[in-house]
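J.: Build me a model from this:
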Amino acid sequence: MRRIDAIAIVLAFFGFGGVAFWAFRVYGFDATNAGVWSQVVLVGVLLAWISTYVFRAVTQTMTYNQQLDDYKKAVLTKQLEEMSPEEREKLFVEVDAEKKLTQNVVKDE
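T.: Residues are numbered from 1 along each chain as shown. All right, here's what the predicted structure looks like:
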């Protein structure tokens with residue numbers, strides 16, 4: 001995120017608070033109650049926004065994780081393309097043997 005994006009988000013957040021305040025005033029709340037309820041709305045929005053960040057961090061679906069996964073896949077694909085047919089065949093045989101070993105271990109448990 002660029003610095004200007006962060007500034008825009010902050011300004012929009014406080015602008016939303018002002019709009020909420022005036023909406024409560026128009027709805028009939030006095031200034032004190034309108035201020036309190038607009039803060040309640042702002043805190044609720046902020047907590048919802050933070051919860052989306054925490055969810056993405058826990059599930060590792062953030063942009064950085066996706067870029068890292070794409071990079072790893074690209075490197076492995078390039079390495080596979082650069083292998084000779086004999087090396088690829090040997091690798092596939094090793095992978096199949098490891099899969100069978102893993103399946104046997106799971107069955108034994």
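
J.: tell me what the strand or helix carrying Ala20 is packed against?
T.: Using DSSP states H and E, Ala20 falls within helix 3-27. Judged by 3 or more CB pairs under 8 Å, 6 or more residues apart in numbering; DSSP states H and E, helix 3-27 is in contact with helix 31-59. From N, CA and C alone the C-beta is placed, and that goes for glycine too.

J.: Any buried residues in the helix it packs on, and which?
T.: The neighbour-count check on helix 31-59 (16 or more other CB atoms under 10 Å) flags 34-35, 37-38, 41-42 as buried.

J.: Kindly report the same for stretch 8-27.
T.: 17, 20-21, 24.

J.: Out of the residues you listed, which is nearest to Gln67?
T.: Gly17 (33.9 Å; CB to CB).

J.: Contact partners for that closest one?
T.: Gly17 is in contact with 38-39, 41-42, counting by CB atoms under 8 Å, 6 or more residues apart in numbering.

J.: what distance separates stretch 47-64 from the middle of the whole chain?
T.: 4 Å (CA atoms, centre = their mean, to the nearest Å).

J.: correction: stretch 45-53
T.: 12 Å.
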